[in-house]
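Enquirer: Starting from these lines, generate the structure:
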Amino acid sequence: MKKLLSFILIVSFVFAFPLSGFAAKSDSVNNGDKSKLFEKLGYENLSTLEANPEDTFLNEKEPVGQKVELNSKSKLKTQKQLKLKNKDFLRYAELGFSKEEVLDFTEADIAKLQDKHGSLVSVEDTYYKVTKEGSEVVPEDEALIEIEKAKNQTVNNHGEVSTQAFKAVPDTEDLSWMKMTTTVSSLGNNKYAIKNSYTWKTEPVFVLQDAVGISYSSHLTYLANSEYLKYTYDRYQNVFGGNYYDTKSGYVWSAQDKDPGVAFRYDLKGRDGDYVCVNHRGFAYVEIERSNKNYTSANAYGHYSHTEVAIAGSIGVKISTNNLSVTGATKVTKMDSTGVTIYF
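Expert: Numbering: from 1, shown residues only. Model prediction:
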């Protein structure tokens, strides 16, 4: 068992009818106006991008969390910077990728999504409170307040990292927050892209193997070799100073289980070499096709399972419509599935 020291620096489709009773209400295109959808993906300056499509946006980004001052001996590294134009951001937004995800893009993402064009249809955000008893969905407004409180508890009055943040967390304080965002984009010709993103808003208490999945109605068909999983994290080099070192990403190019959906497992890292890993984030992506024209709608679901306590080797993952099952762990916390309806 690997229990994570609380390194919270300062960073921190089955049925043919609409969904009901799922984790959160999704936002869909309303009268052709996508502004609300794009705002949920972080594109507040959309008009600027649209007005200047050929302008270059340099992929220079700060760590996802609050910036920590580098000491004079630190050598700041980042993932290779990619020069993207505003029109590239617009194309990726239509495919369901948030601004932060595009800023995290590497050449591998660019190659995988080359020549793909879509039209954003739906975006659903869901926030989860994760404790030793399990997980629960929390309304966004409440979650944002509690997440901010959790982050502030790790900072002293002088804005410095509190060394108390690095002690083992007592069982009574085992608490983490995460967010899932599920998007659907139309690719044309009855084809769709589904993406399920995950972001640990505070650091997870356990770092073992986690599972991410997407499932969908049985009258949708998986498009071969379309899927991939990405996992990104920031590395900090001085635990007590909390200095940002670099950002790394890993990929899984073939799901461990497929159809109706895709299921992936990945190693949630607490340390990478001499570095502390924080700001865990990523996504699963897959493309599907409408296979039965007798249906006028379909459902897509996002899944995430967090393992705890112990693992007997690697976990096993199995996908079925509206369910992601995990074997090989003595305790698994499942986030409530997200749900999005696709209308044809």
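Enquirer: shaky segments in the stretch 101-250 of the chain?
Expert: Counting by pLDDT under 70, the low-confidence segments of the stretch 101-250 of the chain come to 154-173, 238-242.
Enquirer: Show me where the stretch 201-344 of the chain has its strands.
Expert: Taking DSSP state E, counting those that start in this stretch as the criterion, the stretch 201-344 of the chain contains strands spanning 209-216, 220-222, 228-236, 244-252, 257-258, 261-267, 271-272, 275-290, 297-320, 323-334, 338-343.
Enquirer: of the ones you listed, which approaches residue 145 most closely?
Expert: Taking CB to CB as the criterion, strand 275-290 is the member of these that comes nearest to residue 145, at 20.0 Å. All C-beta atoms are positioned from the backbone trio N, CA, C, and that covers glycine.
Enquirer: Each with direction, which strands does that closest one pair with?
Expert: Paired neighbours of strand 275-290 in the sheet (DSSP bridges): strand 191-200 (antiparallel), strand 220-222 (antiparallel), strand 228-236 (antiparallel), strand 271-272 (antiparallel).
Enquirer: Let me have the longest one in PDB, keeping just the CA atoms, if that works.
Expert: Taking only C-alpha atoms (Å, rounded to 0.1, in the frame of the first residue of the first chain), the coordinates of strand 191-200 have been written out as PDB:
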ATOM      1  CA  LYS A 191     -20.000  10.000 -36.200                       C
ATOM      2  CA  TYR A 192     -19.300  11.500 -32.700                       C
ATOM      3  CA  ALA A 193     -16.300  12.200 -30.400                       C
ATOM      4  CA  ILE A 194     -16.800  11.600 -26.700                       C
ATOM      5  CA  LYS A 195     -14.300  12.800 -24.100                       C
ATOM      6  CA  ASN A 196     -14.300  12.300 -20.400                       C
ATOM      7  CA  SER A 197     -11.800  14.500 -18.500                       C
ATOM      8  CA  TYR A 198     -10.700  14.200 -14.900                       C
ATOM      9  CA  THR A 199      -9.000  16.700 -12.700                       C
ATOM     10  CA  TRP A 200      -8.000  16.200  -9.100                       C
END
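Enquirer: Out of the strands paired with strand 275-290, flag the one nearest residue 119.
Expert: Nearest to residue 119 among these is strand 191-200 (9.9 Å), distances taken as CB to CB.
Enquirer: picking up where we left off before, can you say which of the strands paired with strand 275-290 is packed in most?
Expert: Of all the strands paired with strand 275-290, strand 191-200 has the most neighbours on average by mean count of other CB atoms under 10 Å, namely a mean of 24.
Enquirer: Tell me who's in contact with the nearest residue to residue 285 once chain neighbours are set aside.
Expert: In space, residue 285 comes closest to residue 195 once its chain neighbours are excluded; the distance is 4.7 Å by CB to CB, 6 or more residues apart in numbering. Shown here is residue 195, whose contacts under the criterion CB atoms under 8 Å, 6 or more residues apart in numbering are 95, 96, 97, 182, 183, 185, 214, 283, 284, 285, 286.
Enquirer: Report the separation between residue 195 and residue 131.
Expert: 27 Å (CB to CB, to the nearest Å).
Enquirer: same deal with residue 186?
Expert: Residue 186 sits 38 Å away from residue 131, going by CB to CB.
Enquirer: ditto for residue 184
Expert: With the distance defined as CB to CB, residue 184 ends up 30 Å from residue 131.
Enquirer: Give me the more crowded residue out of these two.
Expert: For residue 184 and residue 131, the more surrounded residue by other CB atoms under 10 Å is residue 184, and the numbers stand at 25 against 15.
Enquirer: That one sits in which helix or strand?
Expert: Counting by DSSP states H and E, the element that carries residue 184 is strand 175-188.
Enquirer: Can you name every helix or strand that that strand contacts?
Expert: Using 3 or more CB pairs under 8 Å, 6 or more residues apart in numbering; DSSP states H and E as the contact test, the elements touching strand 175-188 are strand 119-131, helix 140-152, strand 191-200, strand 297-320, strand 338-343.
Enquirer: now for the ones you listed, which one comes closest to residue 328?
Expert: Of all the helices and strands packed on strand 175-188, strand 297-320 sits nearest to residue 328, with 4.2 Å by CB to CB.
Enquirer: and the direction of the closest one versus that of strand 175-188, what angle?
Expert: Here the directions of strand 297-320 and strand 175-188 differ by 130 degrees (axes from the mean of the first three to the mean of the last three CA atoms, to 10 degrees).
Enquirer: Describe which strands strand 297-320 pairs with in its sheet and in which direction.
Expert: Sheet pairing of strand 297-320 (DSSP bridges) gives strand 209-216 (antiparallel), strand 323-334 (antiparallel), strand 338-343 (antiparallel).
Enquirer: Buried ones in the second one, by neighbour count?
Expert: It stands for strand 323-334. The neighbour-count criterion (16 or more other CB atoms under 10 Å) identifies 323, 324, 325, 326, 328, 329, 332, 333, 334 as the buried residues of strand 323-334.
Enquirer: Would you mind pulling the contact partners of that strand?
Expert: Under the contact criterion CB under 8 Å, 6+ apart, strand 323-334 has outside partners 130, 134-135, 208-209, 211-213, 215, 261, 263, 303-319, 337.
Enquirer: Return the set of residues that bridge with residue 214.
Expert: Each beta-bridge partner of residue 214 is listed here: residue 262, residue 302, as defined by DSSP bridges.
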